[in-house]
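*Asks:* this one's structure only:
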């Protein structure tokens, strides 16, 4: 194996570790802010990372109703999806369409996790994950709107477009809002977090224990990092994304805003959550059609 | 292609490790779950040292990871502990960074 290949492998693992640590700390910060707004001290900011490490070394147990090999494979698939999104999006700045495809794969992960365990809580979580695919329609329309403006879906081209024309958030505010709602739907304790609602214990993750739960948590940490990075890169551009430190600051600010919203809003019922997401999708679609017709 | 920000990776890793140390230390030392207004001596020392070290230029910028490790100790302490120490340490770090920026490196 050549030295350069070894270097690439080390760099890949290092970036994954970086994404997981940043994502984990931001999710811990999210919990801390939500707790403080609710008048509680909240767990330490490192709690998410602590839980992930704790579960990594815990024993896996297999529910008697678990459908193997899907039950095992789906946890590995969650890591695969978000590490692919990390490399394709953040490292290589490739197409938004591929990232959208990976986001759709995440729905399959959630669905598969829930259904593979045989638990009624998991099944409900999996079914609600399918409902919440309504959150992806804004993603399609946002991508279409961005293409109309920048004539490209490659992240590198979108960033270069913003070097000349300024941040897209001022030119496509509704698209930015629709993407922000997508971010909000991925956040814990958000009004759209019907998939991991406490009334169904932990939703699709209820029956995944030990190492498998740890793998899913690692994937969720990386997912948070990737989604925040994509929002910053696509809507704010080189102003923040050219410097990793400024990108981190932007991620902290976004996490803070999302935490405020999560703490101050109730969890919607599945029907209301889907209804609101569909309304936002329709408005985003109307915006896209308007831009196509008007030019 | 975006290169791995190794300098930030060491900083985040140090912050996390400092958090682990702070958590273990505070859980071993304090039995009560949540006590406001209590200032821990070693937490205060690590916070102040971390804040001061942030602005001291060292070879290979090693001051940043070391400083964040020391600031991570009060950050990671159990809920209710380490708040004053952390705020003090971060304030010293920010102040030192601004003064250094005004004076020039």
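*Replies:* Thanks, I have it. The shown structure was predicted, so the numbers you read here are calculated from the model rather than taken from an experiment. Residues are numbered from 1 along each chain as shown, chains lettered A, B, ... in the order given.
*Asks:* which regions of the chain sit below the pLDDT cut-off?
*Replies:* All of this is about chain A. Per-residue confidence of chain A (counting by pLDDT under 70) places the weak regions at A:1, A:295.
*Asks:* Please refer instead to chain B.
*Replies:* Flagging of chain B using pLDDT under 70 yields the residue ranges B:36, B:105.
*Asks:* and it, which residues reach chain A?
*Replies:* Taking Cβ under 8 Å from any Cβ of the partner chain as the criterion, the neighbours of chain A within chain B are B:1-6, B:8-9, B:12-13, B:15-16, B:19-20, B:23, B:34, B:75-80. Placement of C-beta: from N, CA and C, glycine included.
*Asks:* Pull the contacting residues for residue A:89.
*Replies:* Contacts for residue A:89 (Cβ atoms under 8 Å, 6 or more residues apart in numbering or on different chains) come out as A:98-99, A:155, A:226, A:229-230.
*Asks:* The closest residue to it other than its chain neighbours and chain B: what is the separation?
*Replies:* In space, and not counting its chain neighbours, residue A:89 is closest to residue A:99: 5.1 Å by Cβ to Cβ, 6 or more residues apart in numbering or on different chains. Taking Cβ to the nearest Cβ, to the nearest Å as the measure, residue A:99 falls 15 Å from chain B.
*Asks:* tell me which residues in the helix or strand hosting residue A:99 are buried?
*Replies:* Assigned by DSSP states H and E, residue A:99 belongs to helix A:96-116. Of the residues in helix A:96-116, A:96, A:98-100, A:102-103, A:105-107, A:109-116 count as buried by neighbour count, 16 or more other Cβ atoms under 10 Å in any protein chain shown.
*Asks:* most centrally placed residue in chain B?
*Replies:* Nearest residue to the geometric centre of chain B (Cα atoms, centre = their mean): residue B:71, 0.8 Å.
*Asks:* any idea which element that one lies in?
*Replies:* Residue B:71 belongs to helix B:63-76 when elements are defined using DSSP H and E.
*Asks:* neighbours around residue 95, how many?
*Replies:* Here I'm looking at chain A. 18 (other Cβ atoms under 10 Å in any protein chain shown).
*Asks:* wrong one, chain B
*Replies:* The burial count for residue B:95: 13, using other Cβ under 10 Å.
*Asks:* In the contacts of residue A:89, find the pair that's most separated.
*Replies:* By the measure Cβ to Cβ, A:98 and A:229 form the most distant pair in those, at 14.8 Å.
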